[in-house]
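Asker: structure, please.
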Amino acid sequence: MRFGLALALAVCSCTNAWGATVNPGTNLIQGAVAAAVPGETITLNPGIHIVTYTVSINKNIILKGPAGGVNNTFIDKHNSNDVAAIVIEEAANGCRFENFSLRGRNVAGNGIVMFSNSNVFTDVRVFNCGIDTSTGRRSNIVIHGAHLNTFNSCWSNNSTWVGFSQYGSSDNVFNSCVADNNGAEGLTIDGRSHNCRWWYGRINGNNNRSRGVGGVGIDWSNGAWVRNAQIDGTAGNKSGVQFQNNEGPCDGCIIRDNTISNSSAYGIKKRTCSYPVTNTTTTPNNFFGNRLGNQHTGCP
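Answerer: Residues are numbered from 1 along each chain as shown. Sure, this is the predicted structure:
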């Protein structure tokens with residue numbers, strides 16, 4: 001058993017070989033992360049956990065709230081210098097994050113930025129990241145060069161940019177997640193983010209600041225699946241799903257068994273101005289209420 005008097009008094013109600021429990025307060029999570037050894041569990045007690053500087057995770061840990069913690073265990077972002085609330089570094093593979101909400105509070109900076117692989121998020125919600133200025137638009141969850149990650153029943157809503165933003169990040173899976181009411185896309189699959197899987201859940205009311213390319217934006221990525229999802233109310237003269245293809249082609253994607261409705265442009269648009277969209281399945285889907293029609297291929 002490891003003891004640290006200052007840590008025990010300021011951060012934890014208990015420490016032992018299995019981890020620490022962190023009470024609500026200011027900048028206490030980082031101390032628990034620093035003291036943890038790989039594989040330990042850090043449990044957040046219900047309440048408000050304020051971060052005024054980025055929580056940097058550089059090792060394999062479990063960070064969790066109690067069951068149902070999305071409703072009573074909050075990480076509140078107060079670091080407004082255009083930095084993230086949480087950064088998961090390259091060395092921190094195989095982490096687990098469970099049962100808490102991160103509230104961006106509409107200050108500058110992203111919510112969670114991830115550079116590592118094989119992490120699992122379950123019942124984590126991220127809201128209200130970024131400020132609505134030309135220099136402050138940011139995403140809730142940024143997945144950059146990060147592969148084989150899984151999101152289960154996670155929400156990413158009301159950012160000024162993207163809900164779940166992927167770039168150069170392959171084989172990530174989203175099960176029954178929600179990405180609603182973001183300023184740009186709810187979900188991006190960009191820059192060789194191959195074999196992304198989105199199952200069930202919803203992607204509603206996005207592009208509400210006329211940013212991005214669609215509710216789901218896909219560019220230079222192969223093998224993406226979006227299936228059994230609800231994609232409704234895409235705003236800003238954008239399509240529910242858009243293959244943008246500014247950077248490269250898309251091949252072998254499957255967009256099917258979804259309800260795609262009330263888009264302010266098309267249900268699905270394959271934009272082929274610069275690069276082709278090939279071997280892609282876009283039926284069957286349930287389309288209705290899409291202003292310009294259900295499907296379109298061409299330039300623009």
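
Asker: show me the shaky parts of the chain.
Answerer: 1-18 (pLDDT under 70).

Asker: make it 80
Answerer: 1-18, 134 (pLDDT under 80).

Asker: so where do the helices sit in it?
Answerer: 5-10, 29-35 (DSSP state H).

Asker: for the longest one, name the packing helices and strands.
Answerer: When contacts are defined as 3 or more C-beta pairs under 8 Å, 6 or more residues apart in numbering; DSSP states H and E, helix 29-35 sits against helix 5-10, strand 19-22, strand 41-44, strand 47-51, strand 55-57. In short, each C-beta sits where N, CA and C put it, glycine included.

Asker: pairing partners for the second one, with directions?
Answerer: The strands that strand 19-22 pairs with in its sheet are strand 12-16 (antiparallel), strand 41-44 (parallel) (by DSSP bridges).

Asker: pull the CA atoms of that strand into CSV?
Answerer: Provided in CSV are the C-alpha atoms of strand 19-22 (Å, rounded to 0.1, in the frame of the first residue of the first chain):
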residue,chain,number,x,y,z
GLY,A,19,-6.1,3.5,-6.7
ALA,A,20,-7.6,6.6,-5.3
THR,A,21,-11.0,8.3,-4.7
VAL,A,22,-11.0,12.0,-5.6
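
Asker: just the buried residues of it, please?
Answerer: 19-22 (16 or more other C-beta atoms under 10 Å).

Asker: same list (those residues) but as a markdown table, adding distance to residue 163.
Answerer: Shown next, in a markdown table, are those (distance: C-beta to C-beta, whole Å):
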| residue | distance to residue 163 |
| --- | --- |
| 19 | 30 |
| 20 | 31 |
| 21 | 30 |
| 22 | 27 |
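
Asker: closest to residue 61 among those residues?
Answerer: Distance to residue 61 across those (C-beta to C-beta) is lowest for residue 19, with 7.9 Å.

Asker: mind checking how far the closest one is from residue 32?
Answerer: 8 Å (C-beta to C-beta, to the nearest Å).

Asker: with residue 251 instead?
Answerer: 45 Å.

Asker: more neighbours, these two?
Answerer: Each of residue 251 and residue 32 has its neighbours counted (other C-beta atoms under 10 Å); residue 32 has more, 23 against 16.

Asker: and for residue 19 and residue 32, which residues touch both?
Answerer: Contact criterion C-beta atoms under 8 Å, 6 or more residues apart in numbering; residues shared by residue 19 and residue 32: residue 42.

Asker: stretch 137-144: which residues count as buried?
Answerer: Buried, per 16+ other C-beta under 10 Å, within stretch 137-144: 137-143.

Asker: list of residues touching that stretch?
Answerer: Under C-beta under 8 Å, 6+ apart, the answer for stretch 137-144 is 82, 84, 102, 104, 108-115, 126-127, 129-131, 149, 154, 156-169, 172, 182-184, 193, 211.

Asker: which PyMOL command selects the buried ones in the residues you listed?
Answerer: To isolate the buried members of these in PyMOL, using 16+ other C-beta under 10 Å:
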select buried, resi 84+102+104+108+109+110+111+112+113+114+115+126+127+129+130+131+149+154+156+157+158+159+160+161+162+163+164+165+166+167+168+169+172+182+183+184+193+211
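
Asker: show me the contacts of stretch 137-144 that map onto strands.
Answerer: Residues of these located in strands (DSSP state E): 102, 112-114, 126-127, 156-157, 164-167.

Asker: which two in those residues are spaced the farthest apart?
Answerer: Farthest pair in the ones in strands among the contacts of stretch 137-144, by C-beta to C-beta: 127 and 167, 21.7 Å.

Asker: quick one on the thing from earlier: strands - which of the buried residues of stretch 137-144 land there?
Answerer: Counted as lying in strands by DSSP E, out of the buried residues of stretch 137-144, are 141-143.

Asker: so residue 122 makes contact with residue 154?
Answerer: Yes. Between residue 122 and residue 154 a contact is recorded at 7.4 Å, counting by C-beta atoms under 8 Å.

Asker: show me the contacts for residue 128.
Answerer: 103-106, 157-159.

Asker: try 7 Å this time
Answerer: By C-beta atoms under 7 Å, 6 or more residues apart in numbering, residue 128 lies in contact with 103-106, 158.

Asker: need the max-distance pair from those.
Answerer: It's 105 and 158 that sit farthest apart of these, by C-beta to C-beta, at 11.0 Å.

Asker: where along the stretch 201-300 of the chain do the strands fall?
Answerer: Here the stretch 201-300 of the chain has its strands, by DSSP state E, counting those that start in this stretch, at 214-219, 225-227, 230-232, 239-243, 250-251, 254-256, 259-261, 266-271, 277-278, 286-288, 293-298.
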